[in-house]
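Enquirer: Here is my input; please provide its structure:
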Amino acid sequence: MPFNLSLKTTAISSLVGVILITLVSLFALPKLQTQYSLKQFLPKDNPLLKEDERSRQTFQLSEVQPFIITAKISDGNTDWFNQAKIGDLERLTDLLAHFPGVRNSLSLATVQGAISSESGLSVGPLLKSLPLEKWKSESLANPLIAPTLISKDGKTASIIVNIQHLNNHEMTALRQNLEVTAAASIPFAEVKIGGTPAVQTDVGLLLQTELRNFVVLGFVACFFVLGLIFSNFSPLIISFVVIICANILVVAAMALAGFPFSILSTTIPILTTVDVVSLCIHTLLRYAEERKNSPHKTHEEIVVTTLKAIIKPNLIASTTTMIGFLSLLTTNVPLIRDYGITAAISITLGWIVTTILLLPLLLFLPGPRAREWAWSKARWGLYLFRRSGLWTTGIIIISLGLALKGQSLSWSARLFDDLPQNHQVRLSTETIDKELGGMIPVDVEVTGSQDAWNDPTLIKKLDSLSTDIRHTQGVGSVVSLPDLIAAANLHHSRLPASRSSTAEIFFLYSLSNESPLKNFLNADSSKTRISVRTQDLPGNQLHQLVEEIRHKTEVTFPNMQVQVTGMGSTIHHLNNDLSHELIFGFWQSMLAIVIVLIVVFKSLRWALVACVPNLVPPAALLGFLAVSETPIKPSVAIIFSIALGLAFNNTVYFLERLRTLQRHTKSRILDVEKTLWLEGNPCLISSLTLVSGFSVFMASYFAMNRIFGFYMLLSMLAGLVGDLILLPTMLKSCPWLLRPVAWKKEKIMITTGSLILALVVFGSSVKSWAQNPPAITAAKIGQEMNSRISTKDETFVVDMKIIEADGSSKDRQMQIWRISPSKKDHSLMVKMQKPADLKGTALLATLKNDTEDKWIYLPSTKQVRRLTGESSKGGILGSELNAEDFDFNRDSSANSAVKKEIEVKGSKYYLVESDVSSSSPNYSKVISYVSATQYLPIKAECYDKQSKLLKIIDFSDYKKLPGNKYRAGKIKIRNVQNKRGTDIVLSDIKLNQGLKSSKFTPKSLSSDD
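Expert: The predicted model follows:
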């Protein structure tokens, strides 16, 4: 009675404890997210990816891929070249640009450039500078526009929506808003959302649906197998409780650890379910065996005997499976490492939960009754033993043949062939790939000496090369520096004939808002970029195309350095390397499992023999992958390590039973026949459970998961052949493999060391003091600043250094005159002095009654031309300095408040926050640090329209000038988002010199004074 009471108390405590922990874990489930990205399979710190990052910084390319909205005109008689449709497209593009999380947007209606016409020079939207009758011909002939922004038939337009770094929730919400807004704004077109972010969000949602489907189908499949094995409901109830608790705890552990559900980890619920059911089946069938062999024992005694007998094989089987997944930790890919960790967690928690719950569930429920075929002896093994040598030889020969065939694997995978067929994101991706210039970016970087790409001869060669690449099969679109120069059309010829003419075009582009020139020319004009977009070709074909493009570039520019970057040049190469590593990395799993089995069996020979049948699954996988010409991807290659860990399960149960029988009989003869009779059916049933569980992947939305499921099924069946045919027939034919050797007694000393993990938490306390708001007001500070800074006119020399994200820079020097006769009358004249190619170029800007006019003088043509468009919104001369940053007469008290007074290095400053969201085209707010003694700005922090810090401006080296006026001698600007900077030095400053308005006229631009 004490024994029974203690046992029942332990059982009840275990059951209640697990259920309580499971219920608490439910609160962690909402934290779990789904995630999908093409970059998830890319390794960290790879040299190719570092080269990509360097190239992106050099040419100021966004790391975040854009949404691409495709809009196809459904009416077969019209196209996009219609004033009303372009107007709708322009309004939609502008509307999308102001969505939270959007950096900017671009379409046919808003694409910018520099256009020369009779009315002047236009820097802004190209279509606004062209007559309506030329829209179609000019657009379709312009590589900047077609086919990227408009298809060659003029019926499909795209809107490129560049976004900021967003989390999955923000990106999903933005994707929905984009689709709804676009469909409502242009109802005459069929709207689809494409691009990498759309793939990421849509696949993330599909993963949630697929996850639910997998759980349901996995339950159904496993319970179907359980129904075939057992004749009463106890096994179903036991398995149901264990599966529910194990899955909830595993998913909660993933959520708490911050592991999202990826396209790989959707397999975790299935893996947990089939692993738990496999452990339950082995345990329940062992109970049925013990009940048959010991009918005189009580139910409680049989439960205890069963659990004692099965706990070690269950633990070893779970350990070998876990090792297969832990081998994935050797890869340098976060997604695969995370999958290895989460799978190992699921296997570990599955074993713990199963082991704890089986005691109370078996104790309090009626004993499981197996159907006769399930617990009866596996007499089918007798047929195998009659020709054991033939079976062994045949399996080994076939396995060797498949392994040899596997040396010719197919490496022809496409990037987007995993997307669900006929799904919206797949259709939009195919539209972009076929009609809008291709999906796969390839960037060719050509490096020469400083100012090399100001040379018209090199530009003409580059133009010819771009045309050649454009006509190469597989290339969707090509844009390069000559295309931007030709689009300006400042001279009679398509391309300029002199360095000065080239410099003037570059200068003109620098006046444009979001100038495209920065994406094709670096700061010192030593590097240029050819932007190529290819179709989604098979990996081997894309590699050949990239090498062809590289060869053509090297032949055209033999004395220059050529570097090819971009997704098209890296991702297949990286995926192939990773796939090689995963396929042949199963040897690492094999070695780890051998070490574990040496400890378990206390014999090196037993451990090595256990490996032989488990070489059949990888051999079969290699052979079938080669025969079927299945394109190899990391998601396929990962099967090798997983299948190896699962395949060892039956081996462990078989050899552990064989060793137990040998130990009990104390005989040197291996009773292989009896072992197979006892373990054959449980191992067969357990494997069929795995097969039924993984078969649910055949119903997946994704081709990748269907392929994964198929080859997992193949590996399970191959494992059955290895464990239940090759292993017993091999031991029957070659008993000397495991029979003790008379002349050598095995004594293996196993020592285990303990690892002590010390976690040292360093806490830092930050002291804060509550401060009363200073008595001074923003209006007072504004008045004081205005009295020290504002002037009617001034002239000064500016030395400007524009620093790019990669550290390269370019220097400019200019003379500036400014006059402000009244609050609504301002004029600014700039004359370039350096570099020499731009010397004499001059710019005039006037603002009268909120109307802005601009003129430019180009020395190469000796003409003054009027500028139209949107150049006023861009940084000054391509720098990070905006006009409003340099507005000395700004009223600082407008919408401003003094937040507090701070002290830095002994000096006191007022912290002034200005809400400029309604008046500024660039900022939502500006936080200024104003000297409390001199009332001069020392630093300004400017926030973008999404209230994220955009740039920091430091003012230093103030000079006191006549009239008690001050000017900062140095201005330092750093853009924290694009990593660019601008350093400005002001010299030869003269204030209130009585400048006349007559000096600020277009005619005076060409004068030398």
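
Enquirer: Mind exporting the C-alpha coordinates of the host helix or strand of residue 103 to PDB?
Expert: Assigned by DSSP states H and E, residue 103 falls within strand 102-106. Output of strand 102-106 as PDB, limited to C-alpha atoms (Å, rounded to 0.1, in the frame of the first residue of the first chain):
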ATOM      1  CA  VAL A 102       7.700  54.900 -46.700                       C
ATOM      2  CA  ARG A 103      10.900  56.700 -47.700                       C
ATOM      3  CA  ASN A 104       9.800  57.800 -51.200                       C
ATOM      4  CA  SER A 105       8.000  56.500 -54.200                       C
ATOM      5  CA  LEU A 106       8.700  56.600 -57.900                       C
END
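
Enquirer: could you point out which element follows the longest helix along the chain?
Expert: Longest helix of the chain, by residue count under DSSP state H: helix 196-229. Per DSSP H and E, the first helix or strand lying C-terminal to helix 196-229 is helix 234-257.

Enquirer: now that following helix, how far from the centre of its chain.
Expert: 30 Å (Cα atoms, centre = their mean, to the nearest Å).

Enquirer: which residues sit in contact with residue 248?
Expert: 22, 25, 26, 29 (Cβ atoms under 8 Å, 6 or more residues apart in numbering). Bear in mind the C-beta positions are built from the backbone N, C-alpha and C, glycine included.

Enquirer: What of residue 564?
Expert: 442, 443, 444, 445, 546, 549, 550, 553 are the contacts of residue 564 under Cβ under 8 Å, 6+ apart.

Enquirer: neighbouring strands for the one helix or strand residue 900 maps to, and are they parallel or not?
Expert: Using DSSP H and E, residue 900 sits in strand 896-904. With DSSP bridges as the test, strand 896-904 is paired with strand 907-915 (antiparallel).

Enquirer: Check which residues of the partner strand are buried.
Expert: Buried residues in strand 907-915, defined by neighbour count with 16 or more other Cβ atoms under 10 Å: 909, 910, 911, 912, 913, 914.

Enquirer: Same check on stretch 551-561?
Expert: 552, 553, 556, 557, 560.

Enquirer: ok, these vs residue 530, which is closest?
Expert: Closest approach to residue 530 among the buried residues of stretch 551-561 (Cβ to Cβ): residue 553, at 7.3 Å.

Enquirer: I'd guessed that closest one sits against residue 465; true?
Expert: Yes - at 6.3 Å, residue 553 and residue 465 qualify as touching, with contact defined as Cβ atoms under 8 Å.

Enquirer: Please enumerate the shared neighbours of these two.
Expert: Taking Cβ under 8 Å, 6+ apart as the contact rule, residue 553 and residue 465 both touch residue 530.

Enquirer: what angle separates the longest helix of the chain from helix 234-257?
Expert: Angle, helix 196-229 to helix 234-257, by axes from the mean of the first three to the mean of the last three Cα atoms, to 10 degrees: 160 degrees.

Enquirer: Return the distance of helix 196-229 from the chain's centre.
Expert: 23 Å.

Enquirer: And that helix, what does it pack against?
Expert: Under the contact criterion of 3 or more Cβ pairs under 8 Å, 6 or more residues apart in numbering; DSSP states H and E, helix 196-229 touches strand 67-73, helix 168-185, helix 234-257, helix 268-293, helix 424-435, helix 672-694.

Enquirer: got a markdown table for the ones you listed, with distance to residue 812 too?
Expert: Output for the helices and strands packed on helix 196-229, formatted as a markdown table (distance: least, Cβ to Cβ, whole Å):
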| stretch | distance to residue 812 |
| --- | --- |
| strand 67-73 | 36 |
| helix 168-185 | 38 |
| helix 234-257 | 52 |
| helix 268-293 | 57 |
| helix 424-435 | 39 |
| helix 672-694 | 65 |
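
Enquirer: Out of those, which gets nearest to residue 146?
Expert: helix 424-435 (10.4 Å).

Enquirer: coming back round to it: please work out the average pLDDT along the strand holding residue 900.
Expert: Strand 896-904 shows a mean pLDDT of 82 in the predicted model.

Enquirer: Pull out the buried positions in it.
Expert: Buried residues in strand 896-904, counted by 16+ other Cβ under 10 Å: 896, 898, 901.

Enquirer: Not counting that strand itself, show me its contacts.
Expert: Applying Cβ under 8 Å, 6+ apart, the set of residues contacting strand 896-904 from outside is 771, 773-774, 776-778, 781-782, 908-915, 927, 929, 932.

Enquirer: I figured residue 624 hits residue 402, correct?
Expert: Yes - Residue 624 lies in contact with residue 402 (Cβ under 8 Å); the separation is 7.2 Å.

Enquirer: When these two are compared, which one has more neighbours?
Expert: Neighbours per residue, other Cβ atoms under 10 Å: of residue 624 and residue 402, the larger number sits with residue 402, 21 against 18.

Enquirer: In a strand, the more buried one, correct?
Expert: No - if the criterion is DSSP: H, G, I helix; E, B strand; the rest coil, then residue 402 is helix and not within a strand.

Enquirer: just the CA coordinates of the helix or strand encompassing residue 942, formatted as CSV?
Expert: Assigned by DSSP H and E, residue 942 falls within strand 937-943. Taking Å, rounded to 0.1, in the frame of the first residue of the first chain, the C-alpha atoms of strand 937-943 are listed here in CSV:
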residue,chain,number,x,y,z
PRO,A,937,22.7,77.5,-31.9
ILE,A,938,25.3,74.9,-31.2
LYS,A,939,23.6,71.8,-32.4
ALA,A,940,20.4,70.8,-34.2
GLU,A,941,18.8,67.3,-34.3
CYS,A,942,16.4,67.0,-37.3
TYR,A,943,13.7,64.4,-37.4
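
Enquirer: which regions of the stretch 401-550 of the chain lie under the pLDDT threshold?
Expert: 488-493, 511-514 (pLDDT under 70).

Enquirer: where exactly do the strands run in it?
Expert: When assigned using DSSP state E, counting those that start in this stretch, the strands of the stretch 401-550 of the chain occupy the ranges 440-447, 475-479, 527-534.

Enquirer: gap between the last one and the chain center?
Expert: With Cα atoms, centre = their mean as the basis, strand 527-534 stands 22 Å off its chain's centre.

Enquirer: With stretch 895-908 instead?
Expert: That offset, for stretch 895-908, works out to 41 Å (Cα atoms, centre = their mean).

Enquirer: Look up how far residue 719 lies from the residue nearest to residue 604 when sequence neighbours are not counted.
Expert: Closest residue in space to residue 604, ignoring its immediate chain neighbours: residue 598 at 5.7 Å, by Cβ to Cβ, 6 or more residues apart in numbering. Shown here: residue 598 relative to residue 719, a distance of 21 Å by Cβ to Cβ, to the nearest Å.
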